[in-house]
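Trainee: 3D model of this:
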Amino acid sequence: MEPGNMHVTETCRPVTEILARIGDKWSILVVKCLADGPMRFNELRRGIGGISQRMLTLTLRGLERDGLVSRTVTPTVPPRVDYELTELGHSLQAAVRALGDWAIANRAAVEAARSRYDLALASASPPLRRTG
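Mentor: As a prediction, the model looks like this:
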């Protein structure tokens, strides 16, 4: 690897790791739901919609491990568990908002580029024929 590429790799690796955490299907939705304050597990699940109990559990654990979400257990019967963004999680809000704004502003351009690419790919490939 060339020295210039090594610097890029070293610089990009932490970014890639963080984007892998927050760029999955559910993490940004959890962060967005918790932006206004603490929520219980089932409140989060209803607020997100379409997420399984297992996937929400895994997502919350990952966000907690990375220091973006805290979990507070209140010893009642049954125990009450609240999830909320940490200071680090709140600091992510501006970046998530900016990424969301970019996605909304550029969605049509991305879809048009995909269509052009798919059309060019389809016209460049010979049609598949069934044999037999």
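Trainee: going forward, measure contacts and count neighbours with C-alpha atoms only.
Mentor: Noted.
Trainee: Contacts only, for residue 34.
Mentor: 83, 84, 85 (Cα atoms under 8 Å, 6 or more residues apart in numbering).
Trainee: 10 Å - rerun?
Mentor: 28, 40, 44, 47, 69, 83, 84, 85, 86, 89, 90 (Cα atoms under 10 Å, 6 or more residues apart in numbering).
Trainee: ditto for residue 74
Mentor: Residues in contact with residue 74 (Cα under 10 Å, 6+ apart) are 80, 81, 82.
Trainee: Which of these fall in strands?
Mentor: Secondary structure from DSSP state E places 80, 81, 82 of these in strands.
Trainee: any idea which of the contacts of residue 34 has the most stuff around it?
Mentor: Neighbour tally across those (other Cα atoms under 10 Å): the maximum, 27 neighbours, falls on residue 85.
Trainee: which residue sits closest to it, ignoring its sequence neighbours?
Mentor: Once flanking residues are discounted, residue 85 sits nearest to residue 69: 4.4 Å by Cα to Cα, 6 or more residues apart in numbering.
Trainee: For the one you found, grab phi and psi.
Mentor: Backbone torsions for residue 69, taken as degrees, to the nearest 10, come to phi -130, psi 140.
Trainee: can you tell me which residues contact it?
Mentor: Per Cα under 10 Å, 6+ apart, neighbours of residue 69: 30-31, 34, 38, 60-63, 83-90.
Trainee: that older thread, show me which pair in the contacts of residue 34 is furthest apart.
Mentor: Farthest apart among those by Cα to Cα are 47 and 86. That separation is 19.3 Å.
Trainee: In helices only, show me the contacts of residue 34.
Mentor: Within those, residues falling in helices by DSSP state H are 28, 44, 47, 89, 90.
Trainee: Could you turn the buried ones of the ones in strands among the contacts of residue 74 into a ChimeraX selection?
Mentor: Burial among those is assessed by 16 or more other Cα atoms under 10 Å; the matching ChimeraX selection reads:
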select :82
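Trainee: I am finished for the moment; much appreciated.
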